[in-house]
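**Q** need coordinates for the following:
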Amino acid sequence: MKAIIDTNIAIDLMQKRDGFAEDAAKVFTICAGGLVEGFFTSNSICDIHYILKKYLHDEKEVRRCLSSWLDIINIVDLKPEDIVNAVESDMSDYEDAVIAATAKRNRIDFIITRNTKDFKESPVPVLTPSQFIETSLKAGWRMDGINGIV
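**A** Predicted coordinates for the structure are as follows:
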C-alpha cells in the first residue's frame with residue numbers, strides 16, 4: 001500500500017499540536033515499520049521546510065528533522081501533467097489538487113490529511129490520520145514493537 005502524507009500531518013507532529021500529534025506520530029510509525037510506503041510530494045517538502053523554519057527559527061534543526069523523515073518517507077515528484085490536471089480539476093484548493101493529481105498519476109492508494117473537505121473531489125481516496133490508523137488495525141497490522149517517531 002502507498003500513501004501520500006499531506007503537509008498538515010508533518011506539521012502536526014513537529015509542532016506537537018494538541019489533539020493531532022499523537023495520530024500523526026502513529027502515521028509515521030506505520031510508514032517507518034514498512035506497513036505502508038509513505039510519500040511526500042516534492043512541493044510539500046518545500047512547504048514543510050518553510051513552516052518549520054518559521055516555527056523553529058533554526059535551519060540546522062529543520063534540516064535534521066527533514067533528514068530523519070526522509071529516512072522513512074519517500075518523495076514523489078511533480079510532472080507538468082500534474083500541474084495541468086490540478087488546474088483543470090474540480091477541487092477548490094489548488095495545492096491539494098496538485099497532491100491529488102500527483103497521487104493519481106503515481107497510483108497512490110490514498111492520501112492522509114486532516115483537511116478532507118478540500119479533497120472532496122479527489123480522484124484518490126482520502127483518509128484522516130485516525131481513519132488510516134483504524135484501517136491499519138482492522139487489516140491486522142500491528143504497531144507494537146515499532147519505535148515511535150515523536
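**Q** return the residues in contact with the residue lying closest to residue 116 once chain neighbours are set aside.
**A** Distance criterion CB to CB, 6 or more residues apart in numbering; nearest residue to residue 116, sequence neighbours excluded, is residue 126 at 5.3 Å. C-beta: built from backbone N, CA, C; applies to glycine. When contacts are counted by CB atoms under 8 Å, 6 or more residues apart in numbering, residue 126 touches 110, 111, 112, 113, 116, 119.
**Q** try it again at 10 Å.
**A** Contact analysis of residue 126 by CB atoms under 10 Å, 6 or more residues apart in numbering lists 4, 6, 96, 99-100, 103, 110-113, 115-120, 132.
**Q** whichever helix or strand residue 102 is part of - contacts with which helices or strands?
**A** Assigning secondary structure by DSSP states H and E places residue 102 in helix 94-105. Contacts defined by 3 or more CB pairs under 10 Å, 6 or more residues apart in numbering; DSSP states H and E place helix 94-105 against strand 2-5, helix 7-14, strand 37-41, helix 42-56, strand 74-76, helix 80-88, strand 110-112, strand 126-127.
**Q** quick one: distance of that helix to the chain centre.
**A** 12 Å (CA atoms, centre = their mean, to the nearest Å).
**Q** do the same with stretch 30-38
**A** Averaging C-alpha positions (CA atoms, centre = their mean) puts stretch 30-38 12 Å from its chain's average.
**Q** which positions in that stretch come out as buried?
**A** For stretch 30-38, the neighbour count (16 or more other CB atoms under 10 Å) marks 30, 31, 32, 33, 35, 36, 38 as buried.
**Q** wait, the fifth one sits on residue 136?
**A** Pointing back at residue 35 there. Yes. Counting by CB atoms under 10 Å, residue 136 is a contact partner of residue 35 at 6.5 Å.
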